[in-house]
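Asks: Task: produce atomic coordinates for the following.
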Amino acid sequence: MTDRTALYVYALVRYEEGAADGTTGLDGRPLRLLRVPGTEVAALVHEGSPTPFQGDDDRVRRWVGEQNEAVTTVWERTGSLLPMTFNVLVADESPETESHTDGTPVGAADGGTGQSAEERLTRWVGERAAEIGEHLDALSGRCELRVEITVDRTAVVGREPDTGEADARFEGRSAGMRRLLAKRREQQARNAAGQLADVLHAEARRALLSVAEDFRDRGLGRTGPDETGVLSAALLVRNEDIDAVGSVLSALREREPATRIRFLGPWPPYSFTDDRFSAYGEGEGAGETVGAADDEGGARPSA
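Replies: From the prediction side, this is the model:
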């Protein structure tokens, strides 16, 4: 039906008067907190069409950035929040197209003509309010940090004792032999950097776990042409321990100058939100939910 409406859901949060005031989401849409009756939980939403947001990479990247900005603003105001993935939509029920297995339209059993998007969302949240509240409490006063560590292979090779001798071996050689020696030297550099990366991974993981409450490996992503990956992780950290993480990384860099470190955040706890609460209707046949996620499985900060 062309006149159906929907709620785009950004996050779940404890209700606080004015926490969404002045915030906007995708394409500048004004946001509001939809409080769930009988609970202290609310959903951060905007009204719109049930059609998912689709476009080229640049447009999707911009939308994800706008969603992140809105979520972060409300998170900073409330201190705890459960972010939803990108493109989570809850639409008005349509009895003409939705039915039970016996053919009875959804909502018709009680003589109704289908619930509104607001009724569907508040029912879903209300049934899970206690668990949502516990999860919000567990994440209160905490943030997500991202740490990426690599080894600079040129720095590793530069400190090898036989580097000068290796350079001398190039003199007077044919072009083919120089290429062979260069490949051999490059492989030696990769091996040395790989061995160092293995040692650093264990050391860095142990040190970070000493100051973080939770640790999630993110998998090594793209590295530079002269880099060997060591570690890529999301950390759940108390706000007061952010500087402690920085100190751990500074100490690692001081002990091993060949390391390159990226320290990103703080952000809302995207990687530590229970999957049950990051996408409406999962596994429940809620056909109006769209979960078109980005390459990290949801609306995530760009790293």
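Asks: what about Gly219, neighbour count?
Replies: A total of 7 residues lie near Gly219 under the criterion other CB atoms under 10 Å. Just so you know, the C-beta spots here come from the backbone N, C-alpha and C atoms, and that holds for glycine as well.
Asks: Report the spatially nearest residue to it, omitting neighbours in sequence.
Replies: Ser232 (6.3 Å; CB to CB, 6 or more residues apart in numbering).
Asks: for the one you found, what are its contacts?
Replies: With contact set as CB atoms under 8 Å, 6 or more residues apart in numbering, Ser232 has these partners: Arg146, Val147, Glu148, Ile149, Asp217, Arg218, Gly219, Leu220, Gly221.
Asks: Listing request: residues of this structure with sub-threshold pLDDT.
Replies: Counting by pLDDT under 70, the chain has low-confidence residues at 1-4, 95-113, 157-182, 184-189, 221, 281-303.
Asks: all helices of the stretch 151-300 of the chain, in order?
Replies: Assigned by DSSP state H, counting those that start in this stretch, the helices in the stretch 151-300 of the chain fall at 153-158, 163-168, 175-209, 242-255.
Asks: Tell me who's in contact with the closest residue to Ser140 other than its chain neighbours.
Replies: Closest residue to Ser140 apart from its sequence neighbours, by CB to CB, 6+ apart: Ser80 at 4.0 Å. For Ser80, the contact set (CB under 8 Å, 6+ apart) comprises Val13, Arg14, Leu136, Asp137, Leu139, Ser140, Gly141, Arg142.
Asks: Now do the domain split for this structure, please.
Replies: 6-140+273-277, 142-270 (automatic domain parsing).
Asks: right, so those domains: which one is the most enclosed?
Replies: domain 6-140+273-277 (a mean of 18; mean count of other CB atoms under 10 Å).
Asks: Quick check: chain neighbours aside, which residue is closest to Gly265?
Replies: Closest to Gly265 by CB to CB, 6+ apart is Leu145, at 3.9 Å.
Asks: List the strands paired with the helix or strand harbouring the one you found, with their directions.
Replies: Secondary structure assignment for Leu145, by DSSP states H and E: strand 142-152. Applying DSSP bridges, strand 142-152 is found paired with strand 227-238 (antiparallel), strand 259-267 (antiparallel).
Asks: do you know which of the ones you listed lies nearest Glu69?
Replies: Nearest to Glu69 among the strands paired with strand 142-152 is strand 259-267; the distance by CB to CB comes to 11.1 Å.
Asks: Would you mind measuring from the closest residue to Arg238 other than its chain neighbours to Leu44?
Replies: Excluding the flanking residues, the one nearest Arg238 by CB to CB, 6+ apart is Arg142, at 5.5 Å. Distance of Arg142 to Leu44, computed by CB to CB, to the nearest Å: 19 Å.
Asks: Equivalent analysis for Glu148, please.
Replies: The spacing between Glu148 and Leu44, counted by CB to CB, is 29 Å.
Asks: Is it correct that Val64 falls within a helix?
Replies: Yes - secondary structure of Val64 (DSSP: H, G, I helix; E, B strand; the rest coil): part of a helix.
Asks: unless I'm mixing things up, it is touching Thr85, no?
Replies: No - between Val64 and Thr85 there is no contact under CB atoms under 8 Å: 10.2 Å.
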